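Peer 1: I'll drop the sequence and a predicted model, then ask my questions.
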Amino acid sequence: MEWDQGDGERLGTVLVCDDADQIRTLIRLNLELDGYDVIEAGDGVEALEILRDPAMPRPDVITVDALMPRRDGWWMVGMIRADPALEDIPIVMVTASVQPHHRVQAEQAEVDGFIAKPFEPDELLAMVGILAASGRA
C-alpha cells in the first residue's frame, strides 16, 4: 500500500487494485503524471481495508483487476456496491478477463468502466478523468 499526497494541484485520488506489481506501477505512474494521487492495493481484501480506514483519503475512482488472489475484483466490487458508505465511488475494471460474459458480469456488478489488458494509458486516463469529474453515471 502506497499513498503519495503530492505537492501541486491534484485532480483527485485513485485506488489502484491489482495483484501484478508491474500493472499497478504502470497505472500509478500514468495517473501521477496526469495529476492524481494514487493508493495501491494488491487484492480485494487489502483494498477494502484501505477503503474502510478513516485515516486514508476517500478515492474519487477505483481501478480493479477481475482476477486476484485471496479476494478477486468481482468480490470487491460486490462489497463496495453493498456498502452505503462506498457504493457511490466509480469503479473501472482493468482486466485481461475480456470474454463477452465478463463484460456482462461487469455491467451486472455495476462497474462504471471496463478496460481490457493490455490497455492504452490514454484510454485509462480519459475514463478516470471523466469519472473523477462526474462521479457515477
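Peer 2: Nice, I can see it.
Peer 1: Which of the three states applies to the residue nearest the centre of the chain?
Peer 2: For the chain, the residue nearest the mean C-alpha position is residue 63 (1.5 Å; C-alpha atoms, centre = their mean). Here residue 63 is recorded as strand under DSSP: H, G, I helix; E, B strand; the rest coil.
Peer 1: didn't residue 105 look like it was pressed against residue 72?
Peer 2: No: when contacts are counted by C-beta atoms under 8 Å, residue 105 is not listed as touching residue 72 (11.3 Å). For every residue, glycine as well, the C-beta is placed using N, CA and C.
Peer 1: Buried residues in the helix or strand bottoming out on mean pLDDT in the chain, which are they?
Peer 2: Taking mean pLDDT, DSSP states H and E as the measure, the chain has helix 100-108 as its least confident helix or strand, at a mean of 84. Within helix 100-108, the residues that count as buried by 16 or more other C-beta atoms under 10 Å are 102, 105-106.
Peer 1: And for stretch 32-48?
Peer 2: 34, 36-48.
Peer 1: can you give me the mean pLDDT across the helix or strand residue 78 falls within?
Peer 2: Per DSSP states H and E: residue 78 is located in helix 73-81. Averaging pLDDT along helix 73-81 yields 95.
Peer 1: Next, the buried residues of stretch 105-118.
Peer 2: Those would be 105-106, 109, 111-115, for stretch 105-118 by 16+ other C-beta under 10 Å.
Peer 1: Nearest to residue 77 among the residues you listed?
Peer 2: residue 109 (4.6 Å; C-beta to C-beta).
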